[in-house]
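S.K.: Give me a model of this one.
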Amino acid sequence: MGITKLADLIRLEAPGAISHKDISDYTGKVIALDTSIVMNQFRTATPSLNPLTGLFFRTLTFLEHDIKPAFVFDGRPPGEKIVALQKRAEAAGWRSPNHLGTASLQTKDCFHLLKLLGVPVIQAPGDAEAFCAWLVRRGTAEAVASEDMDTLPFGANVLIRQLNAKRDSDIVEYSLPKLLEKLQLSHKEFVDLCILLGCDYCDKITGFGPKRALKLIQQYRTIENVILHINRKTHPVPDNWKYKEAQKLFLETPHAEVPELMWTEPDKEALVGFLCRCTYVKEERVRHRMERFRQIRESKRKQREKETAAGNCRQTRMDDFFRVLRKRQQPVEAADCGSSERKKPKLK
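M.R.: Presented below is the predicted three-dimensional model:
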């Protein structure tokens, strides 16, 4: 769910915090991605296909644009989020959500695929989006790519939406510093605004629209002061309201070390074997895509050589991604290929 109607509020009250980008604008940048959101996008867009197939093609496209993706996996969800996760699972027709943060078979397959693609995979201690935002705050990544707006109250300075690797895609970028400046709020006050709007970690006061919630926070600055000045008959405060717990989750720093990110050369043969075995995609399709990837890399290498000869060497180089070449060996098979339980699609 993210933050209820936050995107609408920003468009109305702080349009200057929004910019529209092309995928080429992220060349050379480290982008942190919440893996579960990426996978859910593929499940929704192409329910008849294994989402690992979409992840394979999209990741290669990122690399071809010299984007450095770093995929973050959810750890154990905070107790305050269990109710929201349960509602999402019911709405999507899924089984009960994972309360313990243990990896499903498909999550293990996803982890294995990304390793074969040579991109960093990171296990977050809790919410992946909170960890993605922390990577940006620490300077390890330059932006978070996510469809959920709660990346902003978590403190990510740059949020990217609709980074779907399509050439004609309108990528939307949100700047948290510009947003806070326009709304004249501190980060903590912005977190209180998001809690009033509605978040995954607690209930909300009923009857507040986005504009009303913003006006109250701008006037009274804290949730505690808002409660003192509203009509609690028309806007009842939830019993045992856990807004303080929500504040802590948005504002606290994850208990984890800064990971070392490294991109390596994709393992072509291991990718062919894994995808054909676990997703039923045809071998020639995988090999064709890997060959196209190789040709694009080679074309860019030659272009850089021409630019160097002309005295106009670009600083961003795809070769920089692959500082350590993968040792060719038989890949460890993912446990049971959990995604293989999906019905085999008919592919032309």
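
S.K.: what about stretch 21-30, start to end distance?
M.R.: Distance across stretch 21-30, first residue to last, is 16 Å (CA to CA, to the nearest Å).

S.K.: State the mean pLDDT of it.
M.R.: In this model, stretch 21-30 has an average pLDDT of 94.

S.K.: Just checking the distance from that stretch to the centre of its chain.
M.R.: How far stretch 21-30 lies from its chain's middle: 15 Å, per CA atoms, centre = their mean, to the nearest Å.

S.K.: Stretch 108-123 now?
M.R.: Relative to the centre of its chain, stretch 108-123 is centred 15 Å away, using CA atoms, centre = their mean.

S.K.: Give the rounded mean pLDDT of it.
M.R.: When pLDDT is averaged over stretch 108-123, the result is 96.

S.K.: Identify all contacting residues around stretch 210-225.
M.R.: Stretch 210-225 has contacts (CB atoms under 8 Å, 6 or more residues apart in numbering) with 5-6, 8-9, 12-13, 183-185, 189, 192-193, 195-197, 208, 226, 228-230, 243, 247. Yep, even glycine has a C-beta here, placed from its N, CA and C like the rest.

S.K.: Quick one: neighbours of Phe154, just the number.
M.R.: Summarising burial for Phe154: neighbours were counted as other CB atoms under 10 Å, giving 27.

S.K.: ok, Gly54 touching Thr44?
M.R.: No: look at Gly54 against Thr44 with CB atoms under 8 Å: they stay out of range, at 10.6 Å.

S.K.: Name the residue in these two with the higher neighbour count.
M.R.: A direct count of neighbours by other CB under 10 Å for Gly54 and Thr44 places Gly54 higher, at 20 against 10.

S.K.: picking up where we left off before, in helices, which of the contacts of stretch 210-225 appear?
M.R.: Secondary structure assignment by DSSP state H places 6, 8-9, 12-13, 183, 189, 192-193, 195-197, 226, 228-229, 243, 247 of the contacts of stretch 210-225 in helices.

S.K.: Of the residues you listed, keep whichever come out buried.
M.R.: 6, 9, 13, 183, 189, 192-193, 195-197, 226, 243, 247 (16 or more other CB atoms under 10 Å).

S.K.: Format those as a markdown table; extra columns: pLDDT.
M.R.: Listed next are those as a markdown table, based on pLDDT from 0 to 100:
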| residue | pLDDT |
| --- | --- |
| Leu6 | 97 |
| Leu9 | 98 |
| Glu13 | 98 |
| Leu183 | 98 |
| Glu189 | 98 |
| Asp192 | 98 |
| Leu193 | 98 |
| Ile195 | 97 |
| Leu196 | 97 |
| Leu197 | 97 |
| Val226 | 97 |
| Tyr243 | 96 |
| Gln247 | 97 |
